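Trainee: after the sequence you'll find the predicted model.
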Amino acid sequence: MYRIMIMTLSLIAVGLVNVAANSIPFNGSTTAVIASRLPVLFMPAGYVFALWAIIYVLLAFWLYGFRQNNINVTQTLQNWRATLFVASCLLNIVWLLLWHYGFFNWTIVFMALLLFALLALYFTYPKKDNQLFGRIPIAINLGWIFFATIANISYVLTLHEWSGWGLSDPLWTVIYLTFATAIALHFLYHHADIALSSVFMWAFIGIAVKNGVDELFVSAAALFLTAVIGAIIFFTRKQLTATK
């Protein structure tokens with residue numbers, strides 16, 4: 001009972017802080033406004049961030065499933081999942097505060113910790129657990145944090161006017177997109193995770209929308225890689241959904 005209460009309060013807390021960060025807002029700027037201050041090509045259009053609302057709803061379903069589907073799960077595993085989930089919520093809150101108050105170098109540290117916490121939670125599930133009350137909410141959250149980590153690093157490098165070792169910003173953005181695609185395909189192939197891979201498709205389309213014809217190279221690459229992920233999902237969906 002206490003475990004579920006703490007997990008529920010953690011989810012409510014991170015949801016409220018996220019809403020407050022964009023409605024009060026903290027330090028006079030919303031999360032998206034801060035993101036748009038720099039010409040970061042890997043940053044998606046504003047509407048993409050609406051995914052957070054979907055993530056929180058799905059995590060509420062996950063919490064319900066956590067209560068209902070614990071018959072065949074050991075107490076130790078339940079406690080480990082609960083600890084990782086609460087840690088991810090707290091790390092998300094800290095990241096938001098650091099982002100809004102300008103501690104951008106530290107945002108990378110806490111985003112990485114958040115990513116590791118979600119990865120550890122993700123790997124507590126079987127490879128082909130694609131249940132709404134099981135791995136799917138965690139997978140979508142993890143996919144978004146993978147994308148957000150790359151965007152966060154790109155933002156901080158732009159802030160510090162990194163030279164890019166002589167490579168242009170559009171080229172580095174395509175490199176980021178390719179790396180993100182490799183992550184999506186890894187989880188698609190090794191974990192049959194369509195949900196996680198779909199998050200990258202959503203974000204890539206947002207990058208294309210934001211950059212448009214002004215950065216045609218980036219937009220074309222984002223749409224092409226979206227199509228690659230989508231095509232692999234379409235043509236291998238039977239194998240992906242088959243039981244292992």
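Mentor: Alright, I've got the coordinates. Model, not experiment: these values are computed from the prediction.
Trainee: can we go C-alpha only for contacts and neighbour counts from here?
Mentor: OK.
Trainee: ok, and the closest non-adjacent residue to Pro170?
Mentor: Of all residues not flanking Pro170 in the chain, Val218 sits nearest, at 5.9 Å (CA to CA, 6 or more residues apart in numbering).
Trainee: give the buried residues for stretch 93-104.
Mentor: Neighbour counts over stretch 93-104 (16 or more other CA atoms under 10 Å) mark Ile93, Val94, Trp95, Leu96, Leu97, Leu98, Trp99, His100, Phe104 as buried.
Trainee: in helices, which of those residues fall?
Mentor: Ile93, Val94, Trp95, Leu96, Leu97, Leu98, Trp99, His100, Phe104 (DSSP state H).
Trainee: for Tyr47, state which of these is nearest.
Mentor: Among those, Leu96 lies closest to Tyr47 (CA to CA), at 18.3 Å.
Trainee: I figured that closest one hits Asn18, correct?
Mentor: Yes: assessed by CA atoms under 8 Å, Leu96 is found in contact with Asn18 at 7.4 Å.
Trainee: may I have stretch 175-190 as CSV, with CA atoms only?
Mentor: Output in CSV follows, covering the C-alpha atoms of stretch 175-190 (Å, rounded to 0.1, in the frame of the first residue of the first chain):
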residue,chain,number,x,y,z
ILE,A,175,24.5,12.5,-37.5
TYR,A,176,22.3,12.8,-34.4
LEU,A,177,19.3,11.7,-36.4
THR,A,178,21.2,8.6,-37.7
PHE,A,179,22.3,7.7,-34.1
ALA,A,180,18.8,8.1,-32.8
THR,A,181,17.5,5.9,-35.7
ALA,A,182,20.1,3.2,-34.7
ILE,A,183,18.7,3.3,-31.2
ALA,A,184,15.2,2.9,-32.4
LEU,A,185,16.1,0.0,-34.7
HIS,A,186,18.1,-1.7,-31.9
PHE,A,187,15.0,-1.8,-29.7
LEU,A,188,12.8,-2.7,-32.6
TYR,A,189,15.0,-5.7,-33.6
HIS,A,190,16.1,-6.9,-30.2
